[in-house]
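In: this one's sequence-less:
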C-alpha cells in the first residue's frame, strides 16, 4: 500500500524534543535545525507522532478524528490510559467472564450499539497499520434467519456430496481428503442440525441470536487473518461489558468462504474475505462462575 505522508507540523509549537522522530516506525520525520520535519516519502499513518507530541504540534490529515466516537458509551476521546494505569485484575475478570453465548433472548440489539462495537473493534492493532477491516452488520432476527437459510442450503449440498462414497474417493485423490474429513467429523451432526432447523425451527447455527457482525478484510493487508481476529476479540470483550452475549460461528465462516452466492446476497465484494462471524444478542441466563482451561506448559528460549 502506497501511503504518502499527510503529516503536518506546526513549527511555532514544535520544541524539537525529538519524541515524534524516535517513535515513528517508518522514519517519516527528522529533526532539521531543531524542529521536526517531514522528510520521508512513506507513512504508516499510525498517528504515534501526534499522540506522543507534548505540545500538540502534529496533525495527521489522513485520519478521521471522529471515526472512533461512540454513541452509546460516554468516554472522553482525548483520554489515554498510561502504561500501568488500568486495573489488571478487572481486565482479567472481564476476559475470564466472557463466554460463548448459545442462549439468546428475543430482545433486539440497537443499531447504535452494533455500530459502536465496530468502532471498538477498530481500536485493535493491524499489520503495517493497514486497517483494511470490513464489517457487515446483520441487524435483526429476520435477516439472521435469511442468512441461516442460505447457509443451511449450502451445508445440505455439502452433505449430499459427502454421503456419496465415490465422490469422497475422488475428493481424497484431488482434494487432500477434505470431503472425507468433513464426512467423518461433521456429516452426522450437520445432518441432525439441518433436520432440527427444517422440522423444528431450532437454530443450531446462530443459536437464536437477533444480530450478527461479519468481520472481513479487503485486499492489501499484510496479515489479514490476524487483523480480523484481533478486531473480533475487541468486539467480544466489549459486547460482554455492554451486557451482550456473543458467539463466534465457525461454520458460517466456512460457508461464506466456499459459497459465493451467500456473499453476493450480503453485498460483500468478491475480493473481500470474511474471517469471523459473531452472533450477538442479549443473553437468557447468566454464568455463575468462570470456565476452566486446559493446562498449557510454556516453552522457554534463552534461559
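Out: On my side now, so go ahead. This is a predicted model, so every value here is computed, not measured.

In: flag every buried residue along the helix or strand hosting residue 169.
Out: When secondary structure is defined by DSSP states H and E, residue 169 falls within helix 165-174. Residues 168, 171 are the ones in helix 165-174 that count as buried (16 or more other CB atoms under 10 Å). In this view, the C-beta of every residue, glycine as well, is placed from N, C-alpha and C.

In: now the angle from the helix or strand just after that helix to helix 165-174?
Out: Sequence-wise, the next helix or strand downstream of helix 165-174 (DSSP H and E) is helix 178-185. Here helix 178-185 points in a direction 120 degrees away from that of helix 165-174 (axes from the mean of the first three to the mean of the last three CA atoms, to 10 degrees).

In: quick one: residues in contact with helix 178-185.
Out: 158, 161, 162, 163, 167, 168, 171, 172 (CB atoms under 8 Å, 6 or more residues apart in numbering).

In: now the third one: closest residue in space that isn't a chain neighbour?
Out: Looking back up the chat, that one is residue 162. Excluding its sequence neighbours, the residue lying closest to residue 162 (CB to CB, 6 or more residues apart in numbering) is residue 183, at 4.2 Å.

In: what about that neighbour, neighbour count?
Out: 22 (other CB atoms under 10 Å).

In: pLDDT score for it?
Out: pLDDT, residue 183: 93.

In: check residue 77 too.
Out: 83.

In: and what of the one 3 residues further on?
Out: The pLDDT attached to residue 80 in the predicted structure is 91.

In: can you tell me the element residue 290 falls in?
Out: Judged by DSSP H and E, residue 290 forms part of no helix or strand.

In: leaving out chain neighbours, which residue sits closest to it?
Out: In space, residue 290 is closest to residue 96, 4.1 Å off (CB to CB, 6+ apart).

In: and residue 243, how many residues sit next to it?
Out: 9.

In: scratch that, residue 31
Out: That count, for residue 31 with other CB under 10 Å as the rule, works out to 16.

In: for my notes, confirm it occurs in a helix.
Out: No. Residue 31: not assigned to a helix; according to DSSP: H, G, I helix; E, B strand; the rest coil it is strand.

In: didn't it look like it was pressed against residue 38?
Out: No. The pair residue 31 / residue 38 is not scored as a contact, 11.6 Å apart, by CB atoms under 8 Å.

In: which residue of the chain lies farthest from its centroid?
Out: residue 33 (43.8 Å; CA atoms, centre = their mean).

In: for this protein, what's the longest strand?
Out: The strand that spans the most residues within the chain, counting by DSSP state E, is strand 273-281.

In: paired strands for it, with orientation please.
Out: If you go by DSSP bridges, strand 273-281 pairs up with strand 211-217 (antiparallel), strand 245-248 (antiparallel).

In: could you export these as a markdown table, including mean pLDDT?
Out: Converted to a markdown table, the strands paired with strand 273-281 look like this (pLDDT from 0 to 100):
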| stretch | mean pLDDT |
| --- | --- |
| strand 211-217 | 98 |
| strand 245-248 | 98 |
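
In: can you list the ones you listed in a markdown table and add distance to residue 47?
Out: Compiled in a markdown table, these are given as follows (distance: least, CB to CB, whole Å):
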| stretch | distance to residue 47 |
| --- | --- |
| strand 211-217 | 21 |
| strand 245-248 | 29 |
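
In: which of those sits closest to residue 234?
Out: Residue 234 sits nearest to strand 211-217 of all those, at 10.0 Å, using CB to CB.
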